[in-house]
Structures are given as C-alpha cells and as structure tokens.
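Asks: sequence and computational prediction follow.
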Amino acid sequence: MGRRASIASRALSFAATGEKNNALLQMASLLEEFRSVIVAANQTDIDDAAASGMNAAAIDRMTLTDARLDGLSHDLRTLARLPDPIGERFDAVTLPNGMKLSRQRVPLGVMGVIYESRPNVTIDIAGLSIKTGNAVIMRGGKETIHSNQALVEIVWKALRESSLPEDALQFIEDPDRNLVVELLKLHEYVNVIIPRGGEGLLRFCRENSRIPVISGGVGICHIFVDQSADLEKSLPVIHNAKTQRPSVCNALDTLLVHRAVAARFLPRIVEFLAPSGVTFRAHPSALKYLKEAGDGVVRPAAEEDFDTEWMSLVLGLKVVDGIDEAIEHVNTHSLGHSDSILTEDASNAARWINEVDSAVVYVNASTRFTDGGQFGLGAEVAVSTQRLHARGPMGLRELTTYKWIGEGDYLARM
C-alpha cells in the first residue's frame with residue numbers, strides 16, 4: 001500500500017487543477033446519488049454500536065444524517081472553487097548577485113491518517129488530499145467500518161471517472177491494531193502521520209511512530225465570562241458552544257465566571273442550559289452560588305473534571321477572581337485547542353489574545369467556529385494543537401510544503 005500510494009502521489013502532484021476539481025465535484029454528486037447506500041451502511045454501524053452499549057455521544061459522532069451529508073457535498077464544491085495552492089510562488093526576491101529566488105508550494109507526499117468514530121472525516125481527508133496533490137493511507141475506526149467502506153468506494157469511483165490514480169487513496173479495512181503499528185513505521189513511503197481521535201490515540205502515535213506526527217483534534221475548551229461582559233448576549237453564545245454538537249473537539253468543556261458577576265450569572269446559566277439536557281460539575285468556588293440539585297443537574301466537581309474533555313452535555317463551572325486567574329487556569333488545563341473570552345473590556349480582550357496559548361483564541365464568539373469550513377478553508381484534515389508545521393484547522397496550504405526556486409543567467413558563485 002505504501003509503494004502504491006507513493007507512486008500515485010507523484011502522478012497526483014502533477015495533475016492539473018481542473019482534473020482535481022472535477023474529482024471533487026464528482027465526489028459531491030456521488031454522495032447525493034448513492035445517499036441511500038451510505039445511510040444504510042451507516043445504520044448498520046449505528047445498530048452494532050448501540051448493541052455493544054456505546055454511549056449516545058459516541059453514536060452521535062458516527063451518525064451521517066441528511067444534513068451532514070449535504071454539508072459534505074457543499075464542502076467539496078466549496079473546495080473545488082478555492083485556489084489550488086500547488087505551484088504557487090511566494091516570497092520572491094532578487095538577490096544582489098542577480099539570482100531570482102522564490103518558494104513554490106508542493107504536496108507533502110503521502111499522508112497516513114488514523115481516525116476514530118467520525119466517518120465524515122473520510123470525505124474531508126479525501127477531498128483535501130486530492131486538491132493538494134497528496135496521496136493518503138487511511139485507517140478509520142472499526143465502529144464505522146461499513147460507513148467508511150461505502151464512502152471510500154465513492155472516492156475511488158470519482159478518481160477513476162476523473163482519470164486520476166485510484167491508488168491515491170488507500171484504505172486499511174482490517175481493524176487489527178498491529179496494522180497501525182506497521183503504518184507508523186512505514187517511513188520510506190509515508191511523509192506525515194495525522195491522528196484524529198482521543199488523547200490515547202495521539203499518545204500511541206507519538207510514542208510508536210518513526211514518521212513525523214501532527215497531533216490535534218483533542219480539546220478542553222474554555223469560555224471566560226469577564227466582569228464587563230454583556231450577560232444576556234453571553235447566554236446564547238455559551239449555549240451554542242456547549243449544545244450545538246457536544247461530541248466534537250471544539251465544544252465547550254469549562255465555563256469560567258468572574259467573581260463580580262457570579263452570583264447573578266451562574267444561576268442564570270444553569271437555568272438557561274439545563275432544559276437542553278446540560279448537567280454541571282461545579283468547583284467549590286461556583287457551588288456556593290448554586291443549589292446542588294437532587295436530580296443531578298448540578299454536582300460538585302472532582303479534581304480531574306477540569307482536565308476532562310467531556311464530549312457530552314456536561315459543563316464544568318468555576319469562579320475566578322479576574323483575568324489573571326482565568327488565563328492561568330486555561331494555560332494549565334487547556335490542551336491548546338480553542339478558548340474564548342466574553343468581554344466589553346478592550347484591554348482584557350488584548351491580554352486574552354496575547355497570553356492564552358491555544359491554537360485558536362476568540363473574543364466574544366463561540367468556540368464552535370474552530371472548523372475548516374467555518375474558516376473558509378473548505379474543510380480540514382485536522383485541528384493541529386502543536387506548533388510545527390501547522391496550527392489550528394489544517395486546510396489546503398497546511399497540507400503543502402515548499403521548495404526553493406533559484407533562477408539565474410548562467411550564474412556562478414563568486
């Protein structure tokens with residue numbers, strides 16, 4: 001598979017933009033044409049997951065609704081309209097010796113992508129890989145094997161109909177974990193590993209890979225309600241961040257509230273979110289402002305709760321004395337994904353932007369915007385929470401590297 005992907009990557013790297021865009025548009029149309037096949041395969045996975053006792057949040061992550069399939073088709077068409085980064089020249093200069101020097105974007109080569117639960121990732125990765133001229137070896141979770149097989153067949157069909165190499169997408173169907181270990185050691189063919197899943201998967205890849213690993217997709221996301229925040233406008237932002245899709249990595253996990261507004265705001269936030277099924281884990285600093293509910297809506301937080309990515313309708317609550325404590329808490333407990341401040345104080349907003357060490361920081365916005373589609377990138381292969389070589393949603397440019405181009409007039413070094 002590695003050899004085939006490597007050969008295909010060389011062919012794909014020279015493909016014309018029109019050929020690549022045609023494959024993306026074909027994929028979008030095929031998703032619509034074969035929707036019933038995809039939904040049936042997905043339902044098989046859902047039934048198996050429910051029978052095995054999988055929780056509702058995890059089942060939501062793996063479910064392909066009509067709206068989500070429509071979103072995938074829309075993202076592919078958006079991706080086809082975006083400029084092709086491959087071949088782009090940038091940072092051009094003419095040196096004193098007359099050499100014209102620039103950098104040119106080229107594909108990374110072959111990507112190994114290991115992911116869990118969410119079958120939409122199959123299409124996101126395939127679309128971005130094709131557009132950027134990268135081949136990819138995919139390994140999805142065993143819980144979505146039927147969904148992924150149906151989606152991969154669509155990608156292969158689109159590649160064939162666009163005269164692009166079908167081997168540009170390789171799919172590991174066998175759930176044997178030893179095959180993941182083999183992939184992580186395939187350094188002669190694979191240029192980068194991108195894991196998408198829980199902290200356990202990321203740690204496993206970092207510890208076992210001979211190939212550079214771009215880690216991300218795990219977040220403990222925070223919102224800090226500052227003393228100056230408009231509390232009524234804050235309520236729907238927090239509701240959106242927590243409840244719109246609680247099982248994803250940019251969903252809100254911990255709400256920090258300035259002590260000056262805690263007595264007014266904490267009971268209000270519980271009242272506002274509880275009807276949507278949200279339950280709360282309150283730090284002693286927050287619990288004093290709330291009545292512990294006998295029905296389990298509000299419970300005392302355990303020490304580890306503020307280091308937990310909930311992936312469900314659970315929200316941690318803590319009161320802080322001000323922005324210093326809020327920033328300290330975020331930089332201690334965040335995994336560097338997405339963190340937001342709600343404030344009317346420009347100086348506090350500036351401090352949040354400058355001092356919170358996360359891939360994406362927000363002022364007066366929901367953390368749910370951390371997404372390639374929302375950022376205008378078309379889609380994303382992952383949300384990187386590290387510093388090299390990309391950070392935040394990884395779209396087209398983040399899936400390229402570059403080479404230097406030097407052009408002279410029979411120029412010799414003196």
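Replies: Looks like it came in fine.
Asks: all helices for this structure, in order.
Replies: 2-13, 17-33, 35-51, 56-62, 66-81, 120-131, 145-161, 178-184, 199-208, 231-243, 259-273, 284-287, 323-333, 346-355 (DSSP state H).
Asks: nearest to Leu95, out of the ones you listed?
Replies: helix 2-13 (28.0 Å; Cβ to Cβ). For glycine as for every other residue, the C-beta is placed from the backbone atoms N, C-alpha and C.
Asks: quick one: list the elements packing against the closest one.
Replies: Helices and strands touching helix 2-13, by 3 or more Cβ pairs under 8 Å, 6 or more residues apart in numbering; DSSP states H and E, are strand 100-107, strand 110-115, strand 135-139.
Asks: now those strands as TSV including mean pLDDT, distance to Tyr289 and mean neighbour count?
Replies: Below are these laid out as TSV (pLDDT from 0 to 100; distance: least, Cβ to Cβ, whole Å; neighbours: other Cβ atoms under 10 Å):
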stretch	mean pLDDT	distance to Tyr289	mean neighbour count
strand 100-107	98	53	17
strand 110-115	96	40	26
strand 135-139	97	47	25
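Asks: so for Val248, which of those sits nearest?
Replies: Comparing the helices and strands packed on helix 2-13 by Cβ to Cβ, strand 110-115 comes nearest, at 13.0 Å.
Asks: that closest one vs helix 145-161, what angle?
Replies: Computed by axes from the mean of the first three to the mean of the last three Cα atoms, to 10 degrees, the angle separating strand 110-115 from helix 145-161 equals 150 degrees.
Asks: partner strands of strand 110-115 and their direction?
Replies: strand 135-139 (parallel), strand 192-196 (parallel) (DSSP bridges).
Asks: in TSV, list the helices and strands packed on helix 2-13 along with distance to Glu304.
Replies: TSV is the format used below for the helices and strands packed on helix 2-13 (distance: least, Cβ to Cβ, whole Å):
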stretch	distance to Glu304
strand 100-107	42
strand 110-115	26
strand 135-139	30
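Asks: got the strands paired with strand 110-115 as JSON lines, with distance to Thr243 columns?
Replies: Shown next, in JSON lines, are the strands paired with strand 110-115 (distance: least, Cβ to Cβ, whole Å):
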{"stretch": "strand 135-139", "distance to Thr243": "31"}
{"stretch": "strand 192-196", "distance to Thr243": "23"}
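Asks: for the residue lying closest to Gln244 once chain neighbours are set aside, what are its contacts?
Replies: Nearest non-adjacent residue to Gln244, counting by Cβ to Cβ, 6 or more residues apart in numbering: Arg368, 5.6 Å away. When contacts are counted by Cβ atoms under 8 Å, 6 or more residues apart in numbering, Arg368 touches 240-241, 244-245, 248, 250-251, 374.
Asks: looking at these, spot the one nearest Asn148.
Replies: Among these, and counting by Cβ to Cβ, the member closest to Asn148 is Val248, at 18.2 Å.
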